[in-house]
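> Let's see this in three dimensions:
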Amino acid sequence: MIFYFSWFIITFLLVVFKKEESNKNIIFVFILFTLVYGCRNYGGVDDMAYISAFNNTVNGNIVYGIKDESFLVISRIIGALGFNYKAVFLLYASISFTFVYLAYRELCYNKYEWIVAILGFLVFCFLPTITVMRQFVAASIIIYAFTLKQKNKNKLSLIFIALACIFHLGAVIGFVLFPLFSIKFKTKTKVIVPLVCLGIGYLGFFAAILNNLVFLIPTSYLGYLDEYANTEPRIGIVHIILISTYLIQFVLLNINKTNNPSDKTVDFLERGQMIYFSLFFITLSSGWMSRLSIYFLLFTPFIFKTFIARFSLIKDKKILYGVCYVAFLLLFMYQIINIPYSTNMNKIIPYNGSFDFMR
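Presented below is the predicted three-dimensional model:
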């Protein structure tokens, strides 16, 4: 646990002492993140599937579980070069954090926003992404693709979504939801849509619909549907805090009409947050389908940026930033302390990694 707490403190200090006109410290932070993800020996259930797939691919055996051809091709190349499975971890981590940096660079305008974004990533994105590396790569490319969309680079945005699909087929959802970043949404819509999805997902309506549409699901995924057809809907403390903050920001907007932000970035982030919550809630009882929300998970750290944007006084904003930093530390401690009780993630305590990348 000391490793993770030290990681949090070092990250915080690096960003706090960031010079206003330089991103050197930020780049170093993302290099550090890449090494933590890429040098792990093992982290969770998904890692075992990756290791097995890599070994079977390199040895010319049948591969079970991993269907993305890109992963198998990368594994063959890396294995042929004499590297082991950890080199695949490092490569995927490098690609992921490169795109996270490129996206966040477009969304963070000062040191305070960088602190919120990076610490928010540690609290809200670290555990869900560290062992789902194919989906994490796709999610990082998707958020970058949508930052390009925000800049009206539509064709380039679609090209990057296609690239995300190469790494994980589920990223095709980026094409499906692409129009939502062009439609003008009222504030009420941003509030109502996630809440309606919460009702649909919590009561199991979406799971029932999914079971009736089983013929549309690729054969390779039917095993997942059978195994996780009915899961108990659960909303943890982290998501309660996130959705509460998300909703309160719109209450503040309604109370103080003068604080209606015209900032396109705030509106863009709110759309991403709305999509994330909608996907997370509607798939609460749908087993493996709940992973759809991961493609938009990287928008969640910015909930606190959009919340603070409701306040106009600089003094108020600085106080709120300080509250966020303390809250992030407490939430991170809570999550790390509870990891040993997790059935899927308990192997990442203590952190086990090395620079041994050769077979």
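> Contact partners for the nearest residue to Gly82 once chain neighbours are set aside?
Spatial nearest neighbour of Gly82, chain neighbours left out: Arg359 (5.7 Å); criterion: CB to CB, 6 or more residues apart in numbering. Glycine gets a C-beta too; all of them are placed from N, C-alpha and C. Arg359 makes contact with Val58, Gly79, Gly82, Phe83, Asn84 under the criterion CB atoms under 8 Å, 6 or more residues apart in numbering.
> Can you tell me the closest non-neighbouring residue to the last one?
Looking back up the chat, that one is Asn84. Leaving aside its sequence neighbours, Asn84 sits nearest to Arg359 (CB to CB, 6+ apart; 4.7 Å).
> With the fourth one instead?
In space, not counting the residues next to it along the chain, Phe83 is nearest to Phe357; the distance is 5.2 Å by CB to CB, 6+ apart.
> Quick one: residues contacting that neighbour.
Phe83, Asn84, Lys86, Ala87, Leu90.
> which regions of the stretch 101-250 of the chain sit below the pLDDT cut-off?
Counting by pLDDT under 70, the ranges of the stretch 101-250 of the chain that qualify are 210-231.
> tell me how far stretch 342-353 is from the chain's mean position?
Computed by CA atoms, centre = their mean, to the nearest Å, the chain-centroid distance of stretch 342-353 equals 19 Å.
> what do you get for stretch 267-274?
For stretch 267-274 - counting by CA atoms, centre = their mean - the centre lies 14 Å from the chain centre.
> hmm, who's touching that stretch?
107, 143, 146-147, 150, 180-181, 185, 190, 193-194, 246, 261, 296, 299-300, 302-303, 305-306.
> Return the set of buried residues in it.
Asp267, Phe268, Leu269, Glu270, Arg271, Gly272, Gln273, Met274 (16 or more other CB atoms under 10 Å).
> cool, and stretch 12-30?
Along stretch 12-30, these residues count as buried under the neighbour rule (16+ other CB under 10 Å): Phe12, Leu14, Val15, Lys18, Asn25, Ile26, Val29, Phe30.
> Restricting the selection to alpha carbons, write the helix or strand hosting the third one to PDB.
With elements taken from DSSP states H and E, the one containing Val15 is helix 2-16. Backbone C-alpha positions of helix 2-16 (Å, rounded to 0.1, in the frame of the first residue of the first chain) are rendered in PDB as follows:
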ATOM      1  CA  ILE A   2       2.900   2.300   0.700                       C
ATOM      2  CA  PHE A   3       3.800   2.100  -3.000                       C
ATOM      3  CA  TYR A   4       0.500   3.500  -4.100                       C
ATOM      4  CA  PHE A   5       0.300   6.200  -1.400                       C
ATOM      5  CA  SER A   6       3.800   7.300  -2.400                       C
ATOM      6  CA  TRP A   7       2.800   7.300  -6.100                       C
ATOM      7  CA  PHE A   8      -0.100   9.600  -5.200                       C
ATOM      8  CA  ILE A   9       2.000  12.000  -3.200                       C
ATOM      9  CA  ILE A  10       4.800  12.200  -5.800                       C
ATOM     10  CA  THR A  11       2.300  12.800  -8.600                       C
ATOM     11  CA  PHE A  12       0.600  15.600  -6.600                       C
ATOM     12  CA  LEU A  13       4.000  17.300  -5.900                       C
ATOM     13  CA  LEU A  14       5.100  17.100  -9.500                       C
ATOM     14  CA  VAL A  15       1.900  18.800 -10.700                       C
ATOM     15  CA  VAL A  16       1.900  21.300  -7.900                       C
END
